[in-house]
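In: Return atomic coordinates for the entry below.
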Amino acid sequence: MDFSFFTTHCYILNEKGEVLLQCKSRGFGEGKWNGPGGKKKPDETFEESAIREVKEETGVTMKKPEKLGELEYIFVGNETINTLANVFVCRDWEGEPKDMGEGELKWFKINEVPLDKMWDDDQYWLKPLLSGQYQHKRFYFDKNGKVIKYEEL
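Out: Numbers count the residues shown, from 1 in each chain. Have a look, this model is predicted:
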């Protein structure tokens, strides 16, 4: 599979069992809630990218992110944006989350994440991942960003 982008998603959990989400204020995914993250630079590992992106977007320093997923996004009819994302969960972090210009940040109880305001694929993997289950899936999206099908890998 050829990918144009290599990205990270990061889900920070607090001591209350809540997850930190960000409502993207611009660019790809604008208006959707997601875990902070972004594009991996060629000279960094996925973990280094995750730590850097979270710091840049939230002011939070992740100490021990745990990789719990690898997701492939295939955009049927627009393969130039096919993406491989590594997904991290972090319970060991420091700092006070604040919007650094990427979008509003908010803590959600895990059973109250706004799936209807997130990417369509999140309904298939996010809650199991947040409960500690490793996720390795490939999603195929139509031109409207809806999942056509997905595969367990």
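
In: Which parts of the chain are helices?
Out: Counting by DSSP state H, the chain has helices at residues 46-58, 122-130.

In: I'd like those helices laid out as TSV, including mean pLDDT, mean neighbour count and distance to Lys64.
Out: For glycine as for every other residue, the C-beta is placed from the backbone atoms N, C-alpha and C. Formatted as TSV, the helices of the chain follow (pLDDT from 0 to 100; neighbours: other Cβ atoms under 10 Å; distance: least, Cβ to Cβ, whole Å):
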stretch	mean pLDDT	mean neighbour count	distance to Lys64
helix 46-58	98	21	10
helix 122-130	97	18	16
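
In: Quick one: closest of those to Asn82.
Out: Shortest distance between Asn82 and those, using Cβ to Cβ, is found for helix 46-58: 16.7 Å.

In: which helices and strands sit right next to that closest one?
Out: In terms of contacts (3 or more Cβ pairs under 8 Å, 6 or more residues apart in numbering; DSSP states H and E), helix 46-58 is packed against strand 5-13, strand 18-24, strand 37-39, strand 61-62, strand 83-90.

In: again, 6 Å this time
Out: Packing partners of helix 46-58 (3 or more Cβ pairs under 6 Å, 6 or more residues apart in numbering; DSSP states H and E): strand 5-13, strand 61-62.
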